[in-house]
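S.K.: everything below, folded, please.
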Amino acid sequence: MAFRRGFAGRVNEAMKHSKLQTCSVGFLLSLALLAAGSAWGLPVEGESLEPTPVVAVAEEKQSSPESSSNPPNKLPSDPHTNTPTHALPDPRREARRVASDRLTLTRPEEILIRRPDRERPKKQLIIPLFGRPLMLGGRYTLLPRYEGSKLLDFDYLDLDNQDIDGDLDFLEIEDAARGLSARDDQWRINQGLQTDLFYAYSDQLSVYLEMKFFWRNLVSSDAVVTGDDWLVERGEMWLYLGNLFDSPFGLQVGRQRYFDSREWWWDQDLDSVRFRFDLEKVHAEIAVAHEIFPVVLNRGGIDPEDNDVVHVLGSASWAWAQGQEVGLFALYREDYSNQQSVDPQCVADIDLPPGLPPGGEAFFRTGCVAYEDDSDVNLTWLGVSAEGRVKIPKYGRVNYWFEAAGVFGSETYTNYSGETGARKVTAVDTHDVSGGGFDIGATWVLPVESGPSVTAGYAYGSGDSGMTQIHDTGFRQTGFQDNSDRFRGVASFRYYGELLDPEVSNLHIVTTGFGFRFLKKSSIDFLYHWYRQAEAAPFMRDVGFKRDPSGLSPDIGQEWDMILGIEDWNPFEFKIVGSIFRPGDAFGPEEGDLSYLFAFRFRYNF
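M.R.: Next up is the predicted model:
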């Protein structure tokens, strides 16, 4: 009995000692596994974000049918991910996945560099820099363009040997005397290379740099000397700070692009400071812009029309329902450049008296101007917009748009005359400006295969005949507009006409169109445009050719366009444009004589 008790006692002590050692070893192994799991960022059994009472765990296991009746062949699983413990992710693979996520642009970053006229390839070159994405990209563009019977800056003379538009440019009389034609056939080949860099240093700080290189070659022309030209331009270059003080506000500084969905208000790069406010359904911004450096780096200084001009831009949009958005726009422009005055003393070099001492020609050239800036304005634009899409059961979908704006302020117009090298100011006129304009239209997408669409639109800009020098009631757009969009197809185009491409000023524009898609990402559109001046005037503001109307009739003419876009072979894009313009009564003897445009655009995005 004593032997049994002694043996049992020693067994009990041994068991107690072995349990103690087992617990100690188990505790140390648990610590080691916990440390390893923390180092690799792996979930370790027993680890949680919040401490869980032991009693609660025991009750949960007792109440769980799975814990009480596990099949004998079921492997133990991780309580947090419910995956088998033998299938926990490889730490190295997990680390690579986390690194890859950090090299992917976030949604706000993608919105910052998104542009309506550019579709980036699905896979762009992204290089890790300090653990953050550095994206490199660009695009190459080839654009051959033929313009047949293009109207030139040429005016027929009346019986009194005076030019109809009254600009006192007697070079037009000399052109007519030499028998020059008022039309021209031109063939151009333009190429462009755009490169950009975007670096997201953090979720709040981003940098964007862009450079543009252009080669323009005038291959043939009936009236202009042919040749080629190289241009190097600085594109967007900005710094963005988002989520200022943990708020929806952001700050963007540098040369940056401003655009709206239809580019009716603006589509322009500006040196500026912009404050942004971004929520899921609301966006607002206000900016101050002023050109600081020349845009074309291999040419002279800042363009005289942009020099010493300050802009204040503002816009706000609200997505009030799914697929529906309304917006407000405002622009203030002040031109504080020096005003040139009338001085008739301007003699061309060839007409200077012989034998003048050095510097003596300055007396005869006091009125000659070194640059021309024909319009200095202090104007304000205010306007609204609305666009969206509405589904109509059994009848398809309707996409609609509406733009409206008013402009008011003052303008000083300067008129120049004389031959090249001896240009001078002949008149200066200051007048008030007030006018209004709008654009309304809709595209009906039929509920059939390939989704053919029908479009109708009407645009109007108030006008002025130009006969009064006191008050100009003509509307004009901001000067930043591009008037480019797509109705239903994949390729954007100038929706007021590819050839005439007018500004909505002193003009009625009626547009109808039909288009359809084919393949997966290709489309073709056919459009018709009808133009008529609101007031018959001997000028048109910002059109695609230089010829002025007579001012005797408001009938400008008609245009037919065809736009074919093919984007099925990413990253390549193809676009073909064909246009025919038929001048109306406003162009006198040229009425009915057709002008043509054919253009092909190839783009490679990288």
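S.K.: rest of the way, CA atoms for contacts and neighbours
M.R.: Will do.
S.K.: where does pLDDT dip in the stretch 351-500 of the chain?
M.R.: For the stretch 351-500 of the chain, applying pLDDT under 70 flags the ranges 467-469.
S.K.: one more time with 80
M.R.: Along the stretch 351-500 of the chain, the parts satisfying pLDDT under 80 run over 351, 355, 359-360, 363, 419-421, 450, 466-469.
S.K.: all strands for it, in order.
M.R.: Taking DSSP state E, counting those that start in this stretch as the criterion, the stretch 351-500 of the chain carries its strands at 375-392, 396-417, 424-445, 453-461, 471-472, 484-485, 493-494.
S.K.: pull the helix or strand with minimum mean pLDDT from the protein.
M.R.: Lowest by mean pLDDT, DSSP states H and E among the helices and strands of the chain is helix 54-63, with a mean of 36.
S.K.: any idea how far Ser550 is from Leu279?
M.R.: Using CA to CA, to the nearest Å, Ser550 is found at 51 Å from Leu279.
S.K.: so the two - more neighbours on which side?
M.R.: Ser550 (21 against 11; other CA atoms under 10 Å).
S.K.: what's the closest non-adjacent residue to that one?
M.R.: Pro538 (5.0 Å; CA to CA, 6 or more residues apart in numbering).
S.K.: so the one you found sits right up against Ser553, yeah?
M.R.: No. Counting by CA atoms under 8 Å, Pro538 stays clear of Ser553, with 9.1 Å between them.
S.K.: higher neighbour count, these two?
M.R.: In this view Pro538 and Ser553 are compared by other CA under 10 Å, and Pro538 has more residues nearby, 22 against 18.
S.K.: where's the more buried one relative to Phe587, distance?
M.R.: 10 Å.
S.K.: returning to that earlier point: I'd like the strands of the stretch 351-500 of the chain laid out as JSON lines, including mean neighbour count.
M.R.: Shown next, in JSON lines, are those (neighbours: other CA atoms under 10 Å):
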{"stretch": "strand 375-392", "mean neighbour count": "18"}
{"stretch": "strand 396-417", "mean neighbour count": "19"}
{"stretch": "strand 424-445", "mean neighbour count": "20"}
{"stretch": "strand 453-461", "mean neighbour count": "21"}
{"stretch": "strand 471-472", "mean neighbour count": "20"}
{"stretch": "strand 484-485", "mean neighbour count": "20"}
{"stretch": "strand 493-494", "mean neighbour count": "22"}
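S.K.: okay if I get those as TSV plus distance to Lys546?
M.R.: Output for the strands of the stretch 351-500 of the chain, formatted as TSV (distance: least, CA to CA, whole Å):
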stretch	distance to Lys546
strand 375-392	17
strand 396-417	16
strand 424-445	21
strand 453-461	20
strand 471-472	22
strand 484-485	21
strand 493-494	18
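S.K.: between those strands, which gets nearest to Arg188?
M.R.: For those, proximity to Arg188 was assessed by CA to CA; strand 493-494 is nearest, at 19.0 Å.
S.K.: partner strands of that closest one, with direction?
M.R.: strand 484-485 (antiparallel) (DSSP bridges).
S.K.: what are the contacting residues of the partner strand?
M.R.: Ser261, Arg262, Glu263, Trp264, Ser492, Phe493, Arg494, Tyr495 (CA atoms under 8 Å, 6 or more residues apart in numbering).
S.K.: ok, the first one - how many residues close by?
M.R.: Counted with other CA under 10 Å, the burial measure for Ser261 works out to 15 neighbours.
S.K.: do the third one as well
M.R.: The burial metric for Glu263, expressed as a neighbour count using other CA under 10 Å, is 18.
S.K.: my read: it touches Gly479, true?
M.R.: No. Applying CA under 8 Å, one finds Glu263 not in contact with Gly479, separated by 11.0 Å.
S.K.: before we move on, the earlier item: hey, what's in contact with both of Pro538 and Phe587?
M.R.: What both Pro538 and Phe587 touch, as defined by CA under 8 Å, 6+ apart, is the set Asp548, Pro549, Ser550.
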